[in-house]
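Enquirer: turn this into a structure:
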Amino acid sequence: MTTVGMFAPLREPMFRRLAIGRTTTYIGNAVAPVALAFAVLDLTGSVVALGLVVGARSIANVVLLLMGGVLADRLPRGVILQGASLAAAVSQALTGLAVLLGFASVWLLVVLSVVNGAVSAASLPAASALTPQTVPEGMIRQANAVVRMGVNTAMIAGASVGGMVAALAGPGWAILGTAAVFLAASFFYARVKAPEVAESEPTRPWHDLRVGWAEFTARTWVWSVVVALMVVNAAVIGAVQVLGPAIADATIGRLAWGFVLGAQTVGALVGGMVASRWQPRRALLFGTALIAVEAVPLLVLAHAPMVIPLLAAMFVGGMAVEQFSIAWDVSLQENVPQDRLARVYSYDAVGSFVAIPLGEIAVGPLAAHFGAAATLTGLAALVVAAIVGAVVTPSIRALVHGDATTGGLAPAVP
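Expert: Numbering: from 1, shown residues only. From the prediction side, this is the model:
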């Protein structure tokens with residue numbers, strides 16, 4: 001059998017445009033939260049206020065993700081991505097101007113964060129489901145790896161640039177710059193003309209959601225992983241996005257914090273290169289188990305918030321997470337029908353993200369009561385416990401890459 005080169009999907013014009021669009025989008029997505037965090041801290045000095053602002057985005061994202069999945073299975077996915085990028089450009093421009101012109105308030109930033117969360121909800125299922133439409137079937141694994149490598153490269157640059165611009169020019173300029181980035185992404189999405197997904201006769205959105213739910217719940221390995229990631233994401237994102245900037249302000253500084261965040265995505269980039277060339281037969285089991293490594297950066301942030309240990313911990317964590325991310329995308333794309341894939345991705349995203357606002361909003365008060373170190377240590381223990389619960393699930397242990405008949409994986413038909 002002929003081996004497909006790692007970068008072979010880039011010879012496909014539609015995939016190339018999609019990959020560039022997603023990479024550009026993630027540059028903006030990497031700069032925006034770093035800059036916004038420091039803007040809120042400059043405005044209020046409060047991690048509780050920061051938790052409210054970032055939590056508002058996550059709540060809006062979770063609430064609207066299911067409808068984003070329905071839209072992505074019914075409308076041209078490239079058009080959805082283009083519109084979402086344009087909306088993100090407008091909201092980021094307004095946020096940046098509010099900070100620069102001095103009329104920003106916590107509640108204004110909360111409203112604009114809600115808009116950004118809604119935009120992300122519309123685009124995430126469409127972007128994930130569009131990838132296999134743009135390449136031949138034999139290139140799906142490589143295509144996912146290339147997209148992830150582009151995304152991680154963008155996040156390396158974005159996180160570092162976000163911290164640098166926020167430190168040297170101010171958070172407002174960093175946020176304003178993301179508006180131009182999202183505008184550029186919309187240009188590339190506008191040129192993605194992938195084949196339409198074959199579908200049955202039009203139905204009501206509620207019926208579409210029920211069909212998606214049936215696909216999601218039919219596979220124990222899907223919802224078991226999502227439940228574990230619900231806990232992990234709440235713990236890790238709450239710690240890194242809320243407590244991380246506050247600890248950085250008191251220890252290593254904003255510029256160094258940008259590079260620490262960049263180290264995580266450097267690790268993910270290296271991990272993506274590894275995953276694009278090699279995956280074990282039980283890739284999902286292997287990748288899920290490695291998510292437990294996410295506990296290490298939390299422990300280092302709690303007990304040794306110094307540049308070198310944080311860089312090393314974030315790098316290793318990024319490598320570990322990327323093994324899971326690619327295995328997860330390939331597992332879904334191999335085993336879920338194309339005309340229902342976006343809805344399964346939306347249920348995946350809702351389950352994975354639903355507890356993030358709780359983590360973001362609660363971590364500030366918890367740290368105020370118990371102390372930052374104790375809170376971070378408890379969150380690290382929670383991460384490990386959630387992953388142990390997932391890897392003992394029989395269907396996750398039985399899932400074999402490339403064999404859709406293993407472990408009862410035939411697509412469900414409601």
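Enquirer: can we go C-alpha only for contacts and neighbour counts from here?
Expert: OK.
Enquirer: could you list the buried residues of stretch 269-278?
Expert: Judged by neighbour count using 16 or more other Cα atoms under 10 Å, the buried positions of stretch 269-278 are 269, 270, 271, 272, 273, 275, 276.
Enquirer: how near is residue 330 to residue 190?
Expert: 26 Å (Cα to Cα, to the nearest Å).
Enquirer: neighbour-wise, which of these two wins?
Expert: Each of residue 330 and residue 190 has its neighbours counted (other Cα atoms under 10 Å); residue 330 has more, 22 against 17.
Enquirer: list the residues that contact the more buried one.
Expert: Counting by Cα atoms under 8 Å, 6 or more residues apart in numbering, residue 330 touches 140, 141, 144.
Enquirer: repeat the analysis, applying 7 Å as the threshold.
Expert: If you count contacts by Cα atoms under 7 Å, 6 or more residues apart in numbering, residue 330 has them with residue 141.
Enquirer: report the distance from the host helix or strand of it to the chain centre.
Expert: Using DSSP states H and E, residue 330 sits in helix 307-335. Centroid displacement of helix 307-335 relative to its chain, using Cα atoms, centre = their mean, to the nearest Å, is 11 Å.
Enquirer: give me the average confidence score over it.
Expert: Per-residue pLDDT over helix 307-335 has a mean of 88.
Enquirer: and for stretch 70-85?
Expert: Mean predicted confidence for stretch 70-85 is 80.
Enquirer: may I see the buried residues of that stretch?
Expert: 70-74, 76-85.
Enquirer: ok, now stretch 305-324?
Expert: For stretch 305-324, by 16+ other Cα under 10 Å, it's 305-307, 310-324.
Enquirer: may I have that stretch exported as CSV, CA atoms only?
Expert: The C-alpha coordinates for stretch 305-324 follow below in CSV (Å, rounded to 0.1, in the frame of the first residue of the first chain):
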residue,chain,number,x,y,z
PRO,A,305,5.9,29.4,39.0
MET,A,306,9.2,30.1,37.3
VAL,A,307,9.9,30.5,33.6
ILE,A,308,12.0,27.3,32.9
PRO,A,309,9.8,24.8,34.8
LEU,A,310,6.6,26.3,33.3
LEU,A,311,8.1,26.2,29.8
ALA,A,312,9.0,22.6,30.2
ALA,A,313,5.7,21.6,31.7
MET,A,314,3.6,23.4,29.1
PHE,A,315,5.7,21.9,26.3
VAL,A,316,5.2,18.3,27.5
GLY,A,317,1.5,19.0,28.1
GLY,A,318,1.1,20.2,24.6
MET,A,319,2.7,17.1,23.1
ALA,A,320,0.5,14.9,25.1
VAL,A,321,-2.8,16.6,24.3
GLU,A,322,-2.1,16.6,20.6
GLN,A,323,-1.9,12.8,20.5
PHE,A,324,-5.5,12.8,21.8
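Enquirer: distance from the chain centre to that stretch, please.
Expert: With Cα atoms, centre = their mean, you get 16 Å for stretch 305-324.
Enquirer: residues contacting the helix or strand residue 385 falls within, please?
Expert: Assigned by DSSP H and E, residue 385 falls within helix 372-391. Here helix 372-391 makes contact (Cα under 7 Å, 6+ apart) with 224-225, 228, 231-232, 235, 239, 285, 288-289, 291-292, 295, 298-299, 302-303, 366-367, 397.
Enquirer: show me the shaky parts of this structure.
Expert: When residues are selected by pLDDT under 70, those of the chain lie in 1-6, 66, 156, 159, 194-205, 276-279, 401-414.
Enquirer: quick one, longest helix in it?
Expert: helix 13-44 (DSSP state H).
Enquirer: got the buried residues for it?
Expert: 13-41, 43.
Enquirer: check contacts around residue 81.
Expert: Applying Cα under 7 Å, 6+ apart, the residues near residue 81 are 123, 126, 189.
Enquirer: list just the nearest of the residues you listed to residue 255.
Expert: Minimum distance to residue 255 across those is 30.2 Å, recorded for residue 123 (Cα to Cα).
Enquirer: so who does that closest one touch?
Expert: Residues in contact with residue 123, defined by Cα under 7 Å, 6+ apart, are 68, 80, 81, 84.
Enquirer: quick one: which helix or strand includes it?
Expert: Here residue 123 is assigned to helix 106-130, by DSSP H and E.
Enquirer: orientation of that helix relative to helix 307-335 in degrees?
Expert: Orientation note: helix 106-130 sits at an angle of 50 degrees relative to helix 307-335 (axes from the mean of the first three to the mean of the last three Cα atoms, to 10 degrees).
Enquirer: beyond helix 106-130, next helix or strand please.
Expert: Criterion used, DSSP H and E; the element after helix 106-130 is helix 140-168.
Enquirer: now for that next one, which elements pack on it?
Expert: helix 13-44, helix 171-189, helix 254-277, helix 307-335 (3 or more Cα pairs under 7 Å, 6 or more residues apart in numbering; DSSP states H and E).
Enquirer: mind putting these into JSON lines with distance to residue 7?
Expert: Converted to JSON lines, the helices and strands packed on helix 140-168 look like this (distance: least, Cα to Cα, whole Å):
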{"stretch": "helix 13-44", "distance to residue 7": "10"}
{"stretch": "helix 171-189", "distance to residue 7": "19"}
{"stretch": "helix 254-277", "distance to residue 7": "9"}
{"stretch": "helix 307-335", "distance to residue 7": "15"}
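Enquirer: using the three-state scheme, assign the closest residue to residue 307 other than its chain neighbours.
Expert: Using Cα to Cα, 6 or more residues apart in numbering and skipping residues adjacent in sequence, the residue nearest residue 307 is residue 252, 6.5 Å away. At residue 252 the chain is in coil, as set by DSSP: H, G, I helix; E, B strand; the rest coil.
Enquirer: closest to residue 213 out of the helices and strands packed on helix 140-168?
Expert: Of all the helices and strands packed on helix 140-168, helix 307-335 comes closest under Cα to Cα, at 14.2 Å.
Enquirer: what's the angle between the closest one and helix 140-168?
Expert: Between the axes of helix 307-335 and helix 140-168, defined by the same axes, to 10 degrees, the angle is 150 degrees.
Enquirer: by how many degrees do the helix or strand immediately after helix 307-335 in the chain and helix 106-130 diverge?
Expert: Counting by DSSP H and E, the next helix or strand C-terminal to helix 307-335 is helix 338-353. Put simply, helix 338-353 runs at 140 degrees to helix 106-130, going by the same axes, to 10 degrees.
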